[in-house]
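Undergrad: all I have is the shape, not the residue letters:
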């Protein structure tokens, strides 16, 4: 039986995942805030289905990535959001402005990739093994390898420009 | 790139910003949003459509010629089918299993649903245009007892200008949806690779 307290603790332990995924799939600060909250809501809604077969973080990536895809489908209606502390959305800026600049540039390049590639490169950058990426995405290990090589080449070309 | 990402990870992981209250508030606000977003716009348009259906059925006897009756029937059918389609697509969206699907499954569902949604929207545009024209004819008869088809002088300019507007409208709709459908098809093609 999963408790509310347990869930909140797990979310707090892995809160960085929500931020990183939401930032890749959002186009502006408002959108980021909206997607961030949608991911938290979907995690909460789906928590009863978490059976512990995989790591909590792996399950969380799956929910966050899937939520981001369906978030694209929805019409951009004005929705009410909880007022989030600005620290939550600008985590790096406050620590290191130079780093934030480099990170923003990296995110800008990743955002230029197509929707399939975005998810794969995110998991790769997060240090996930081919097996883990395969279990989250549903692609085969070989396919992940081929796609990653292509994505890296694409990013290299983008950065050279 | 990898080392920059790892540096960011370290900084992000060190920061513990989410609080219990914030998580609970986000969940509650979202839940309320879902109820609001489903109930208001869809319910209003569904109510309007059903009010039109009831009005037309109760005044159907005033439509005394076959083409007026046919116009009335088309409006009634459209006003029943369009809201049902819209509510069904919302229901389908809600039924998607976010926790079981893999990223690939979700992308396939997303692309297919998008293509279907665009098709429904395209058809709805055309049907709405047709319903608008038929409404002028039917409501003109019911409310003012005017049969537009017998006003031959006005029809001489109404028909060509109607066709002109329809042509411009069609081009605009086709252009708008072609790009979006192509992008959804590209996702499906790339997933097959």
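TA: Here it is on my side, so go on. Predicted, not measured: the structure shown is a model, and the values here were computed from it.
Undergrad: show me where chain B has its helices.
TA: Assigned by DSSP state H, the helices in chain B fall at B:2-14, B:20-58, B:66-95, B:103-144, B:152-192.
Undergrad: for the ones you listed, which one sits closest to residue A:50?
TA: helix B:20-58 (15.7 Å; Cβ to Cβ). (Glycine included, C-beta is placed from N, CA and C.)
Undergrad: tell me which helix or strand the most centrally placed residue in chain A sits in.
TA: Most central in chain A under Cα atoms, centre = their mean is residue A:21, positioned 1.5 Å from the mean C-alpha point. Assigned by DSSP states H and E, residue A:21 falls within helix A:15-25.
Undergrad: check which helices and strands that helix sits against.
TA: Applying 3 or more Cβ pairs under 8 Å, 6 or more residues apart in numbering or on different chains; DSSP states H and E, one finds that helix A:15-25 makes contact with helix A:29-46, helix A:56-73, helix A:97-111, helix A:115-125, helix B:2-14.
Undergrad: in it, what counts as buried?
TA: By neighbour count with 16 or more other Cβ atoms under 10 Å in any protein chain shown, helix A:15-25 contains the buried residues A:15-25.
Undergrad: tell me the one of those nearest residue B:131?
TA: Nearest member of those to residue B:131, counting by Cβ to Cβ, is residue A:25, at 37.2 Å.
Undergrad: list the buried ones in stretch B:47-66?
TA: Buried residues in stretch B:47-66 (16+ other Cβ under 10 Å): B:49, B:52-53, B:56, B:63.
Undergrad: no no, stretch B:71-82
TA: B:71-72, B:75-76, B:78-79, B:82.
Undergrad: what do you get for stretch A:49-64?
TA: A:50, A:56-57, A:59-64.
Undergrad: pLDDT wise, what is the residue of chain B found nearest chain A at?
TA: Closest contact between chain B and chain A, by Cβ to the nearest Cβ, is at residue B:102 (2.9 Å). For residue B:102, the pLDDT comes out at 89.
Undergrad: what stretches of chain B score poorly on pLDDT?
TA: B:34-42, B:90, B:93-96, B:193 (pLDDT under 70).
Undergrad: tally of neighbours for residue B:105?
TA: 17 (other Cβ atoms under 10 Å in any protein chain shown).
Undergrad: which residues touch residue A:102?
TA: Residue A:102 makes contact with residue B:4, according to Cβ atoms under 8 Å, 6 or more residues apart in numbering or on different chains.
Undergrad: and the residue nearest to the spatial centre of chain B, what does it touch?
TA: The C-alpha lying nearest the average C-alpha coordinate of chain B belongs to residue B:121 (Cα atoms, centre = their mean; 4.8 Å). With contact taken as Cβ under 8 Å, 6+ apart, residue B:121 is in contact with residue B:177.
Undergrad: okay, now the domains of chain A?
TA: If you go by automatic domain parsing, the domain ranges for chain A are A:1-91, A:93-161.
Undergrad: what about the shortest one, average pLDDT?
TA: Rounded to a whole number, the mean pLDDT of domain A:93-161 is 88.
Undergrad: and the residue of chain A closest to chain B?
TA: residue A:138 (2.9 Å).
Undergrad: residue contacts, the residue lying closest to that residue once chain neighbours are set aside?
TA: Among residues not flanking residue A:138 along the chain, residue B:102 sits closest, at 2.9 Å (Cβ to Cβ, 6 or more residues apart in numbering or on different chains). Shown in contact with residue B:102 (Cβ under 8 Å, 6+ apart): A:62, A:135-138.
Undergrad: cool, residue B:190 as well?
TA: Applying Cβ under 8 Å, 6+ apart, the residues near residue B:190 are A:114, A:116.
Undergrad: quick revisit: export the buried residues of stretch B:47-66 to a markdown table and append columns for distance to chain A.
TA: As requested, those are exported to a markdown table (distance: Cβ to the nearest Cβ, whole Å):
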| residue | distance to chain A |
| --- | --- |
| B:49 | 19 |
| B:52 | 24 |
| B:53 | 26 |
| B:56 | 30 |
| B:63 | 37 |
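Undergrad: kindly indicate which of those residues lies nearest residue B:5.
TA: Using Cβ to Cβ, those come closest to residue B:5 at residue B:49, 51.2 Å.
Undergrad: isn't the closest one up against residue B:80?
TA: Yes - using Cβ atoms under 8 Å, residue B:49 is in contact with residue B:80, at 7.3 Å.
Undergrad: give me the common contacts of the two.
TA: In contact with both residue B:49 and residue B:80: no residue, using Cβ under 8 Å, 6+ apart.
Undergrad: follow-up on the earlier one: wait, which of the domains of chain A is closest to residue B:128?
TA: domain A:1-91 (17.1 Å).
Undergrad: not counting sequence-adjacent ones, nearest residue to residue A:111?
TA: Nearest non-adjacent residue to residue A:111 (Cβ to Cβ, 6+ apart): residue A:24, at 6.7 Å.
Undergrad: isn't residue A:36 right up against residue A:18?
TA: Yes - with contact defined as Cβ under 8 Å, residue A:36 and residue A:18 form a contacting pair (5.9 Å).
Undergrad: wait, residue B:59 sits on residue B:139?
TA: No - counting by Cβ under 8 Å, residue B:139 is not a contact partner of residue B:59; they are 9.4 Å apart.
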